[in-house]
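Participant: Test case, fold it:
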Amino acid sequence: MLLDEKEYFKLAAYVKASRYRLKIIDFLSDGKYGMPLEIADKVNIKQSHISKILKDLKEKDLVECINPEVRKGKLYHLTVTGEETVPYIRRIS
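Facilitator: Residues are numbered from 1 along each chain as shown. Down below sits the predicted model:
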């Protein structure tokens, strides 16, 4: 989904407002995929926080789970909107 520049900056500011959101988006950028436990380990965030943060990012259409039907081993990656927001995040960094 293509947004106007103002909307991308709003999403970028939303991500930037939380170092946890920023770490997760940064980890998943450049086409990476990750499971919650792996993401938690790589970005040094407690696993108990990861699910909530991923849920929040999902609600903003920044990440998606590609296998929501499984109970364990959910795999996340950035959506098109998430990928398109990354340069805006870097511009305000």
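
Participant: ok, residue 89 - how many residues close by?
Facilitator: 22 (other CB atoms under 10 Å). Heads up, the C-betas are built off the backbone N, CA and C, glycines and all.

Participant: how about it, secondary structure?
Facilitator: helix (DSSP: H, G, I helix; E, B strand; the rest coil).

Participant: Once you drop chain neighbours, what's closest to it?
Facilitator: Spatially, and ignoring its direct neighbours in sequence, residue 89 is nearest to residue 12 (4.4 Å; CB to CB, 6 or more residues apart in numbering).

Participant: and that neighbour, what helix or strand is that in?
Facilitator: Taking DSSP states H and E as the criterion, residue 12 maps to helix 5-16.

Participant: Against which helices or strands is that helix packed?
Facilitator: helix 19-28, helix 80-91 (3 or more CB pairs under 8 Å, 6 or more residues apart in numbering; DSSP states H and E).

Participant: CA atoms of that helix as PDB?
Facilitator: This file holds the C-alpha atoms of helix 5-16, laid out as PDB (Å, rounded to 0.1, in the frame of the first residue of the first chain):
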ATOM      1  CA  GLU A   5       5.000  11.000   2.700                       C
ATOM      2  CA  LYS A   6       3.300  12.500   5.800                       C
ATOM      3  CA  GLU A   7       1.900   9.000   6.700                       C
ATOM      4  CA  TYR A   8       5.300   7.400   6.300                       C
ATOM      5  CA  PHE A   9       6.800  10.000   8.700                       C
ATOM      6  CA  LYS A  10       4.000   9.300  11.200                       C
ATOM      7  CA  LEU A  11       4.800   5.600  11.100                       C
ATOM      8  CA  ALA A  12       8.500   6.400  11.300                       C
ATOM      9  CA  ALA A  13       7.900   8.500  14.400                       C
ATOM     10  CA  TYR A  14       5.700   5.800  15.900                       C
ATOM     11  CA  VAL A  15       8.600   3.300  15.500                       C
ATOM     12  CA  LYS A  16      11.200   5.700  16.700                       C
END
